[in-house]
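Peer 1: Quick check, what structure comes out for this input:
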Amino acid sequence: MMDEPSKVSVPGEGVGSWELLGVWWRFFWRYAIVWALLLLGGGCILNFLSGILYDSRLLFILTLIYSSTANAAASLCVFVYILNRHFRRSAVMVSTAAGRPVFRAKLRAWFHYYWRFLLFSFGIALLSGALLPLAARWLGQEPLAFLKYSKYVGNVSMIPASLFAFQLLMRRKSGKQLLRISTCGGC
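Peer 2: Take a look at the predicted model:
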């Protein structure tokens, strides 16, 4: 049913950056769709609750909690789905470094991905947000008028943050590799 990986590699050792980018993209587009659907569904529920609950602070806190939970749940579901899975028209797959498709190894790899993703996303958004007024000044615009674009900076920061966090899981330094890119010989 599931073939054993015939060649195991990391970027720079047989499987290149394009394969890493392809495997990450398989994760990221699925994650983005699931997260958007969860946010849309949660938005409908929170919109309904706004007619019942009149405390705006409570609704704000519920929105923050729900969006964070939806982000974690979407990434966990997609991460567990893509690990040790063969995809159509591709012999390349991402698997846990241990090679065993046990849920505990998948959960450990996801946890290490997610906390790095949060740190990278926050750092990139903070840096980009700090550069936004400077870019406005350079373009000859009012810096305060550019603050309306800061919400886009936070959303766009998720793309490189996800890629960097995903790539760190594949490093082989001092035995800390949690994921590997494998090619299936019989696929």
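Peer 1: Assign the residue of the chain most remote from its centre to helix, strand or coil.
Peer 2: The centre of the chain is farthest from one residue, Gly140, which by CA atoms, centre = their mean lies 34.9 Å away. Three-state assignment for Gly140 (DSSP: H, G, I helix; E, B strand; the rest coil): coil.
Peer 1: need the contact list for it.
Peer 2: For Gly140, no residue meets the contact criterion (CB atoms under 8 Å, 6 or more residues apart in numbering). The way it works is simple: take the backbone N, C-alpha and C, and place the C-beta from them, glycine included.
Peer 1: now do Thr63
Peer 2: Listed by CB under 8 Å, 6+ apart, the contact set of Thr63 reads Leu46.
Peer 1: Let me know the secondary structure of it.
Peer 2: Counting by three-state DSSP, the backbone at Thr63 sits in helix.
Peer 1: Also Arg180?
Peer 2: Arg180 - assigned by three-state DSSP - is strand.
Peer 1: Please work out how many residues are found near it.
Peer 2: Neighbour count for Arg180, taken as other CB atoms under 10 Å: 20.
Peer 1: what bridges to it?
Peer 2: Ser95 (DSSP bridges).
Peer 1: where does it land on pLDDT?
Peer 2: As predicted, Arg180 sits at a pLDDT of 70.
Peer 1: That one and Phe164: what is the separation?
Peer 2: Arg180 is 18 Å from Phe164, where distance means CB to CB, to the nearest Å.
Peer 1: And Ala145, by the same measure?
Peer 2: Counting by CB to CB, the gap from Ala145 to Phe164 is 31 Å.
Peer 1: Quick check on those two: which one has the bigger neighbour count.
Peer 2: Phe164 (17 against 10).
Peer 1: pretty sure that one is touching Leu119, no?
Peer 2: No: with contacts defined as CB atoms under 8 Å, Phe164 does not count as touching Leu119, sitting 9.5 Å away.
Peer 1: quick one: buried residues of stretch 148-165?
Peer 2: Val153, Ser157, Met158, Ala161, Ser162, Leu163, Phe164, Ala165 (16 or more other CB atoms under 10 Å).
Peer 1: Tell me which of these fall in helices.
Peer 2: Counting by DSSP state H, these place Val153, Met158, Ala161, Ser162, Leu163, Phe164, Ala165 in helices.
Peer 1: ok, those vs Ile65, which is closest?
Peer 2: Taking CB to CB as the measure, Ile65 lies nearest Met158 of these, at 18.6 Å.
Peer 1: Could you list the buried residues of stretch 60-78?
Peer 2: Under 16+ other CB under 10 Å, the buried positions of stretch 60-78 are Leu62, Thr63, Tyr66, Ser67, Ala70, Asn71, Ala72, Ala74, Ser75, Leu76, Cys77, Val78.
Peer 1: among the residues you listed, which two are most distant?
Peer 2: The span of the buried residues of stretch 60-78, defined through CB to CB, is set by Leu62 and Val78 at 24.1 Å.
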